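I'll drop the sequence and a predicted model, then ask my questions.
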Amino acid sequence: MQTYPDRDAWAEAAAARLAETLAAAIAERGRAVFAGAGGSTPSPIYARLAQADLDWSRVVATLVDERHVPETSPDSNAALMKRVLLTGPASAARFLPLYSPAVTVDRAAAVAAKALSAEGGRLDAVLLGMGEDGHICSIFPDSPTLKTLLTPDLAPTVLGVPPGRDGAAPPQERLSINLPYLASAGRVVLALTGAAKRAVFEREAAGDPAVHPIAALIAAKVPLEVLWTEAA
Ligand SMILES: O=C1O[C@H](COP(=O)(O)O)[C@@H](O)[C@H](O)[C@H]1O
């Protein structure tokens, strides 16, 4: 885990790592695929990444997970990414949504999986956050889709995630990439803030990889870089 003295240094370091990997992919293959998280963590990183000196017209930007809601919803991760990352020069990137309107969450997941596969089926750079319950992407510790999403030897794909039962997370249907997408990525930056999330990360990392997403990432040798700052 890399520790940073404040949020500015933390966000700057995360954005620089992601930009470096996207630039290398563009130099090597003429294109790059970026996948990012929603939630409260990524905004300062997205704001800096948007300023990166990249040929954004060669970047496909997508999400590691999404709530099954339209972009008009305040819960939409797509709306967040478009508002904070895909602005200025970065608006030249092509956005690939996980959500599709007017279809079931499983159908939307199949559509997104096909579209991502058509982009090469591999993510160059990934920005992850982690919830205080230890979820990453929409891979929730107690979800019925947990085991499928964490199965290491499936093909990279996108799956629909049902809402949790009896008030358990997540509150609404979601879509999520699976562990093999993270394991095959070029670089995965997990951005964490605050003492509580650090404690959750350390507890989860020591857990059973079959049911703890962070432990599963480590066991699957995801190219993970954890960047932490105390300022929550
Ligand atoms: O629901 C989600 O939560 C996680 C963590 O969010 P944060 O607000 O604690 O940063 C996020 O990584 C994920 O993409 C999002 O859909």
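Now that the structure is in, tell me what you want to look at.

relative to the ligand, which residue of this structure is the closest?
Across the chain, the shortest distance to the ligand (Cβ to the nearest ligand atom) belongs to Gly39, at 2.4 Å. Backbone N, C-alpha and C define where each C-beta goes, glycine included.

in this structure that residue contacts Gly129, no?
Yes: counting by Cβ atoms under 8 Å, Gly129 is a contact partner of Gly39 at 4.9 Å.

Ala37 contacts Glu66, correct?
No: checked against Cβ under 8 Å, the pair Ala37 and Glu66 is beyond contact range at 10.2 Å.

residue contacts, the closest residue to Ala32 other than its chain neighbours?
Excluding its sequence neighbours, the residue lying closest to Ala32 (Cβ to Cβ, 6 or more residues apart in numbering) is Ala25, at 3.7 Å. With Cβ atoms under 8 Å, 6 or more residues apart in numbering as the criterion, the residues that contact Ala25 are 31-33, 124-125, 186.

so which of the residues you listed belong to strands?
If you go by DSSP state E, those have 32-33, 125 in strands.

of the residues you listed - the most surrounded one?
Neighbour counts for the ones in strands among the contacts of Ala25 (other Cβ atoms under 10 Å) peak at Ala32, which has 28 neighbours.

pLDDT score for it?
pLDDT, Ala32: 98.

quick check: closest non-adjacent residue to Ala185.
In space, Ala185 is closest to Leu123, 4.3 Å off (Cβ to Cβ, 6+ apart).

cool, and Thr62?
Leaving aside its sequence neighbours, Thr62 sits nearest to Leu96 (Cβ to Cβ, 6+ apart; 4.2 Å).

residues making contact with whichever helix or strand Lys114 is part of?
Assigned by DSSP states H and E, Lys114 belongs to helix 105-118. Helix 105-118 has contacts (Cβ under 8 Å, 6+ apart) with 33, 62, 68, 96-100, 103, 156-162, 173-175, 177, 181.

which of the residues in the helix or strand hosting the residue nearest to Ala32 are buried?
According to DSSP H and E, Ala25 maps onto helix 7-29. For helix 7-29, a neighbour-count test (16 or more other Cβ atoms under 10 Å) marks 10-11, 13-15, 17-19, 21-23, 25-26 as buried.

could you do stretch 178-190 as well?
178-183, 185-190.

ok, Leu54 - contacts?
By Cβ under 8 Å, 6+ apart, the neighbours of Leu54 are 19, 22-23, 26, 32, 89-90.

may I ask which two of the residues you listed are separated the most?
Greatest spatial distance in those: Ala32 and Pro89, 14.4 Å, computed using Cβ to Cβ.

now the residue of the chain closest to the ligand: phi and psi?
phi 80, psi -160 (degrees, to the nearest 10).

OK, contacts around it?
Neighbours of Gly39 in contact, by Cβ under 8 Å, 6+ apart: 77, 129, 131.

ok, Gln2 next?
Counting by Cβ under 8 Å, 6+ apart, Gln2 has contacts 13, 225-228.

quick one: name the residues of the protein near the ligand.
By the rule Cβ under 6 Å from any ligand atom, the part of the chain lying against the ligand is 37-41, 64-65, 77, 129-131, 138.
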